[in-house]
Each structure stands twice: as structure tokens, then as C-alpha cells.
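# Predicted coordinates and the sequence they were generated for:
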Amino acid sequence: MSQQEVILLLGSNLGDPKKNLELALEKLKNGNIEILKKSEFLNSPPVEFVSSNIFCNIATIILTDLSPIQLLDFVKSTEFEMGRINDSRVSGSYNDRIIDIDIVKYNELNFKSERLEVPHKKHLFDREFSKILLKNLSRKT
């Protein structure tokens with residue numbers, strides 16, 4: 001498969017969130033994923049659940065030869081390796097997390113399966129912190 005341009009959104013609100021994000025980005029690079037651009041880090045309150053732990057978030061544009069499902073498997077294994085045990089899609093609710101990696105866009109692909117939907121409409125249209133990060137990412141050179 002040829003190289004695909006993908007937008008990922010990463011977030012963390014446990015431990016040292018910024019350090020968690022930096023480690024996740026390193027793990028992506030070690031997975032043969034090229035990071036083209038990164039937004040600035042952005043702190044934001046939790047969305048769709050209550051917690052006193054503030055999130056640190058970042059958006060990134062990557063190049064990968066993984067299919068959407070292969071990429072999902074890779075980011076889920078990265079989350080698990082970093083200590084994330086609860087998946088909101090499985091549990092049906094959000095909670096604090098050491099790392100969360102979402103596939104926001106995969107080229108211009110429209111894809112929907114039981115495990116993955118791209119584009120990720122909540123991040124593109126509903127969540128204010130996501131819109132700020134994506135706008136910041138589009139301005140980066």
C-alpha cells in the first residue's frame with residue numbers, strides 16, 4: 001500500500017500528560033510512521049465526563065502505509081503498551097486515561113466499521129479543543 005496521509009489526535013490526563021504524548025509520538029515513529037507536522041500542545045478540560053484531571057492534547061499529520069484497520073490496531077496496541085486498559089468504545093463511557101490516540105482523518109477516505117469511523121466527526125465538528133488543534137496544525141509549516 002502506498003503512503004497515506006492521516007491526522008491523529010492524541011490526549012492524556014494521567015501521570016505526566018505532556019511526557020505521555022511525547023512518548024506516544026516516539027512509539028509512532030518507531031512503528032515506521034513518519035510524522036509530518038505537529039500542533040502545539042493544548043490543555044483542555046475533560047469532554048463528556050467529569051474529572052479534576054486536565055487533558056494535554058496534540059494533533060499530528062503522519063504518513064503511513066498501514067490500512068485504516070492496521071493503523072487502528074497499531075494505535076490500540078500502543079495505548080495498551082503505555083498502560084491504557086479501558087477503551088471507551090468497548091465500555092461505552094469516557095474516563096481518565098494515560099493515552100488516547102484517535103484517527104481523525106485518513107486521506108479523504110470515508111470509512112465505517114464496527115471498530116472505526118473516519119473521518120472522526122466529533123473531533124472535526126463538535127469538540128472545541130479538537131477544532132483549535134486542527135486549525136493550529138493547518139497553520140504549521
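Great, that's in hand. Numbering: from 1, shown residues only.

# which stretches of this protein form strands?
Using DSSP state E, the strands of the chain run over 4-12, 34-38, 42-44, 55-64, 100-106, 111-112, 117-118.

# Quick one: closest of these to Lys76.
Among those, the nearest to Lys76 by C-beta to C-beta is strand 100-106 (8.1 Å). C-beta here means a position set from N, CA and C on the backbone, and glycine is covered the same way.

# Give me the residues contacting the closest one.
Applying C-beta atoms under 8 Å, 6 or more residues apart in numbering, the external contacts of strand 100-106 come out as 4, 6-12, 24, 59, 68, 71-72, 75, 78-79, 84, 116, 118-120, 123-124, 130, 134.

# Each with direction, which strands does that strand pair with?
Strand pairing for strand 100-106, using DSSP bridges, gives strand 4-12 (antiparallel).

# that older thread, would you format the strands of the chain as a markdown table with mean pLDDT and mean neighbour count included?
Listed next are the strands of the chain as a markdown table, based on pLDDT from 0 to 100; neighbours: other C-beta atoms under 10 Å:
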| stretch | mean pLDDT | mean neighbour count |
| --- | --- | --- |
| strand 4-12 | 95 | 23 |
| strand 34-38 | 95 | 15 |
| strand 42-44 | 93 | 15 |
| strand 55-64 | 96 | 22 |
| strand 100-106 | 94 | 21 |
| strand 111-112 | 90 | 11 |
| strand 117-118 | 90 | 19 |
